[in-house]
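Asker: Any chance you could fold what I've pasted below:
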Amino acid sequence: MIKVAVTGAAGRMGQRIISLVTEAEGTTVSGAIESPLHNAVGNDAGLGAGCGLLNVPISSVLEEALTPSEVLIDFTWPEVTMQNLAECVRLGKSMVVGTTGLNSQQRAEITKAAAQIPIVFAPNMSVGVNVCFKLLKDLAATLGDDFDVEIVELHHNMKKDSPSGTAVHMGEIVADALDRDYGEVANYHREGMCGERTQEEIGMQTIRGGDIVGEHTVYFIGMGERIELSHRAMSRDMFARGAIRAAKWLDGKEPGLYDMQDVLGLSE
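Answerer: Here you go, the predicted structure:
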């Protein structure tokens, strides 16, 4: 039985992870963490998640939740993730990182930590999205430079980072397949007399509103034809299920930095 600790245990995502861990075969909730000022600290983690009494109190001290656990599933904020990462390294615990909005320095810290503990780090934990990542690479390589590429992503009005980490990764995959530098060809803004579209650029448009869980569409637009690859998230459960799958996959793995492509056997 794999013992899982969950961050943000009183939040929407954390509660769904806790509930689904109790349903998944071979996993159990062994720790739950929240910020010190949250009024849920001290409560049983299962009650808020709607899965009954688990005898796992929500703690504000990460070490308390990690000590009886084998792996931490972390969907928080970049700064909090870095603190959790350091504690996982200190205690020798595996980690699944679903946090988005990390900068290059923070990503480098994750890579450094992976030399000591096994980590699954992915911009999106959804199985379906990761299959799309694989398809995007093949599509872009086959279509080549004859098709313009535009990406549109939609999320709820509470999302703080923009564009989404998933959308950026999609752009990076396409750019890599076309032998382009994503940092140079990404175009996040068009307004006024901005000139004609270049052949190399990859357009990125962001929409925020309501309670949209997450939608991503990559357009390959050619002369007289268009291909659209879309993924629409219906609930947060798909992210939670993917993270749990990653946590189970990490069991017995050597230290290293892995992603969902590795978990799903899609890596080449």
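Asker: Counting by contacts, list what the helix or strand where R90 lies packs against.
Answerer: Assigned by DSSP states H and E, R90 belongs to helix 78-91. On a contact count with 3 or more Cβ pairs under 8 Å, 6 or more residues apart in numbering; DSSP states H and E, helix 78-91 meets helix 62-66, strand 71-74, strand 94-97, helix 104-113. In short, each C-beta sits where N, CA and C put it, glycine included.
Asker: 10 Å instead?
Answerer: strand 27-33, helix 62-66, strand 71-74, strand 94-97, helix 104-113, strand 118-121 (3 or more Cβ pairs under 10 Å, 6 or more residues apart in numbering; DSSP states H and E).
Asker: Strand partners (parallel or antiparallel) of the third one?
Answerer: Sheet pairing here is set by DSSP bridges, and for strand 71-74 it gives strand 2-6 (parallel), strand 94-97 (parallel).
Asker: Quickly list the domain ranges of the protein.
Answerer: 2-121+236-263, 127-233 (automatic domain parsing).
Asker: could I get the ones you listed as CSV with mean pLDDT and mean neighbour count?
Answerer: What follows is the domains of the chain, written out as CSV (pLDDT from 0 to 100; neighbours: other Cβ atoms under 10 Å):
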stretch, mean pLDDT, mean neighbour count
domain 2-121+236-263, 96, 19
domain 127-233, 95, 16
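Asker: re earlier: turn the strands paired with strand 71-74 into CSV, including distance to N187.
Answerer: What follows is these, written out as CSV (distance: least, Cβ to Cβ, whole Å):
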stretch, distance to N187
strand 2-6, 38
strand 94-97, 28
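Asker: so which of those strands comes closest to S69?
Answerer: Of all the strands paired with strand 71-74, it is strand 2-6 that lies closest to S69, at 3.9 Å by Cβ to Cβ.
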